[in-house]
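*Asks:* sequence and computational prediction follow.
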Amino acid sequence: MQPINERALKLGDDSLILGQRLSEWCGHAPMLEVDLALANIALDLIGQATLFLGRAGDPDALAFRRDVLDFRNCLLVEQPNGDFAQTVARLFLFSNWQELMLRDLCSSDEFGDIARKSVKEVAYHARYASEWVVRLGDGTDESRGRMIAGLDWMWRFTPELFEGDAAPLRGEWDARIDAVLGDAGLDRPKDSRPILGGRKGHHSEHLGHLLTEMQFLQRAYPGATW
Amino acid sequence: MYTTELEKQRMASAQEDPEKLAEFDARVAADDFIEPKDWMPEAYRKTLIRQISQHAHSEIVGMLPEGNWITRAPSLRRKAVLLAKVQDEGGHGLYLYCAAETLGTSRDEMVEALHSGRAKYSTIFNYPTLTWADIGAIGWLVDGAAIMNQVPLQRTSYGPYARAMVRICKEESFHQRQGFEIMMTLANGTAEQKRMAQDALNRWWWPSLMMFGPPDDNSPNSAQSMRWRIKRETNDEIRQRFVDATVPQAEALGLTVPDADLKWNEAKGGYDFGAIDWEEFYAVVRGEGPVAKERMKARTKAWEDGAWVREAALAHAAKRAQRMAAE
Amino acid sequence: MSKALTGKALTSKEWPLWEVFVRAKNGLSHKHAGSVHAADARMALEAARDTYTRRMEGISLWVVPSASIVASDPGEAAALFEPASDKVYRHPTFYVIPDNVKNI
Ligand SMILES: [Fe+2]
Ligand SMILES: [Fe+2]
């Protein structure tokens, strides 16, 4: 078992970075109703991040004053939003994993309280994203093409989710993903060589830009309170 | 103001049935509510559609200046608060579009009117958010001004509009306070933060006063709108009330209102303030605001980029219905 | 703006409107809260949740396609509702019972 700090950072950074990504949609979604939905999901995630990071130290210091090498989120969540299908693909693959992971975490001494609150939120995220995978996969030719491309972009980063302790979740996750893809009339993307490294601080090029934006004020005005 | 009529309208003195008209006028005068299926004069319907949709557009376009800072909010708490706040504005737009739809228009039609430039929205959202302090200034001044205008509209004559306003006012209550809190933190912060706060007040003060619309002597439709209870106070009355309420708040922040002519007038029990640059106001109404093009481009892009999503969801629903029918 | 998006032609491409009813807590009936646009029932339910229950306003939701609502016509209001106005005998206050008679 990793030290509590390391585990809290993994949990918190996953939620933080995905929350940040989803908040980029605010005001730009395909439909007003979808805009509100994505904001709600982002708010859940930012709340989770605050709680999990709080177990490792001062959440704001951790969110706004660490550099790339110290972030422990998986590569999947930092991937760019792309079009709506790519955003849905990322949320679908991640939330279905996060729900299983949190469910197991509910009985943990260190994080059980946070997990029990968060798992309900994430169950909704997973369902919401799964439904959109079906709508887009089984919608028009264009939406189907975009959904396939979105899943394809994200798929390389899914093996990282099952590193270490999380390996036993693989079977159930596969079953869930396959069921939804079946409903959507989509094939499972082809496995390729896994892209790994996020949990060790070796991220994609995207994270640096995300942090540049997110951390701007705290970096530009060291020592100020907001 | 969100709901100020920005376009001169020709009040159709169309040939309405005088008996029905008299009955309608009496109901409105008696503070009764008009509901969607009730008879109403065509001019009332048109004016309401324009006013409510303008209000809705203002909420939606208003998401952009503040949305500009969500990804750069300086703490997790500020990020969550700002995201929740901007999301609320989206919700307000949604309630209002739905209220307007009860009058026989569609959301698509209203959106199209916005994107084509036919429909207007509040001038205030055509100004840029340059620093984090602008987020404080918008919450404090812009939401503060909006609340003043919206509270009386909870008793406006058209039922669905009034009900939407009740919900909106309930949600607005935290918006102004979070803005003021940001300003307070900055005003009590480092010299750089204080400078940021003062600069934001300098830039947002006059546009905020313009939000209430043209002066009364140049606001021809006020009287009819007041009779119809779709407007409850004149532009100048409410502007005066805003100045009187806000100047002491600026003083509490230790910030200076950028108006050399601002002076307490004991006799009228309110502040005298300097002349508003109406030329700037009318230019912004015409679509010449500093970031007007950027705002419309962002809205149009979101709408056009989303077209395939909206289409796909309908196509999927149709396929599912077809499969169900076949079973 | 694409040329397709003009006038009535586009209404068929619009997600249908749904009416939203929220039960604030058990023991109360569902109350009309507003509307949402959604392409299917599940989406309507989620949109209702994301729009009308963000501040713990409810514990149960109904969504109904707006087109399915059958409403009475205000022009008929007199015929529909005024006949009830003279049926005062339906109200308990219509009956005079002496003060000393209890529990009735
Ligand atoms: Fe609002
Ligand atoms: Fe607001």
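*Replies:* Received it, and whenever you're ready, just let me know what you need. Ligands and ions are numbered 1, 2, ... in the order given.
*Asks:* so which helix or strand of chain B has the lowest pLDDT on average?
*Replies:* Taking mean pLDDT, DSSP states H and E as the measure, helix B:222-227 is the helix or strand of chain B with the lowest mean score, a mean of 85.
*Asks:* what's residue C:26 sitting at in phi/psi?
*Replies:* Main-chain torsions, residue C:26, degrees, to the nearest 10: phi -60, psi 140.
*Asks:* let me see the contact set for the closest residue to it other than its chain neighbours.
*Replies:* Residue nearest to residue C:26 in three dimensions, not counting chain neighbours: residue C:59, with 6.8 Å by Cβ to Cβ, 6 or more residues apart in numbering or on different chains. Heads up, the C-betas are built off the backbone N, CA and C, glycines and all. By Cβ atoms under 8 Å, 6 or more residues apart in numbering or on different chains, the residues touching residue C:59 are C:23, C:24, C:25, C:26.
*Asks:* for those residues, name the two members farthest from one another.
*Replies:* C:24 and C:26 (9.1 Å; Cβ to Cβ).
*Asks:* ok, those two, which is more surrounded?
*Replies:* Just comparing residue C:24 and residue C:26: by other Cβ atoms under 10 Å in any protein chain shown the higher neighbour count belongs to residue C:24, 16 against 7.
*Asks:* so where is chain B shaky, pLDDT-wise?
*Replies:* B:1-14, B:220 (pLDDT under 70).
*Asks:* next SSE after the longest helix anywhere in it?
*Replies:* Criterion DSSP state H: the longest helix present in chain B is helix B:159-187. Counting by DSSP states H and E, the element after helix B:159-187 in chain order, helix or strand, is helix B:191-210.
*Asks:* who touches that next one?
*Replies:* A:221, A:224, B:123-124, B:127, B:130-134, B:136-138, B:141-142, B:145, B:183, B:185-187, B:239, B:242-243, B:250, B:253-259, B:273, B:276-278, B:280-281, B:284.
*Asks:* before we move on, back to that, gap between the residue nearest to residue C:26 and residue A:116?
*Replies:* Per Cβ to Cβ, to the nearest Å, residue C:59 is found 19 Å from residue A:116.
*Asks:* list the contacts for residue A:26?
*Replies:* Residue A:26 touches A:35, A:38, A:39, A:42, B:63, B:67, B:70, B:83, B:86, B:87, B:90, counting by Cβ under 8 Å, 6+ apart.
*Asks:* ok, residue B:184 next?
*Replies:* Applying Cβ under 8 Å, 6+ apart, the residues near residue B:184 are residue B:253.
*Asks:* ok, is stretch B:95-109 in contact with chain C or not?
*Replies:* Yes: Stretch B:95-109 lies within reach of chain C by Cβ under 8 Å from any Cβ of the partner chain, at B:95, B:98, B:101, B:106, B:107, B:108, B:109.
*Asks:* need the contact list for the closest residue to the first one other than its chain neighbours.
*Replies:* Nearest residue to residue B:95, sequence neighbours excluded (Cβ to Cβ, 6+ apart): residue B:164, at 4.2 Å. Counting by Cβ under 8 Å, 6+ apart, residue B:164 touches B:92, B:95, B:96, B:98, B:99, C:34.
*Asks:* output those in JSON lines, with distance to residue A:106, secondary structure and neighbour count appended to each entry.
*Replies:* Listed next are the contacts of residue B:164 as JSON lines, based on distance: Cβ to Cβ, whole Å; DSSP: H, G, I helix; E, B strand; the rest coil; neighbours: other Cβ atoms under 10 Å in any protein chain shown:
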{"residue": "B:92", "distance to residue A:106": "37", "secondary structure": "helix", "neighbour count": "27"}
{"residue": "B:95", "distance to residue A:106": "37", "secondary structure": "helix", "neighbour count": "28"}
{"residue": "B:96", "distance to residue A:106": "41", "secondary structure": "helix", "neighbour count": "28"}
{"residue": "B:98", "distance to residue A:106": "39", "secondary structure": "helix", "neighbour count": "23"}
{"residue": "B:99", "distance to residue A:106": "43", "secondary structure": "helix", "neighbour count": "26"}
{"residue": "C:34", "distance to residue A:106": "35", "secondary structure": "strand", "neighbour count": "21"}
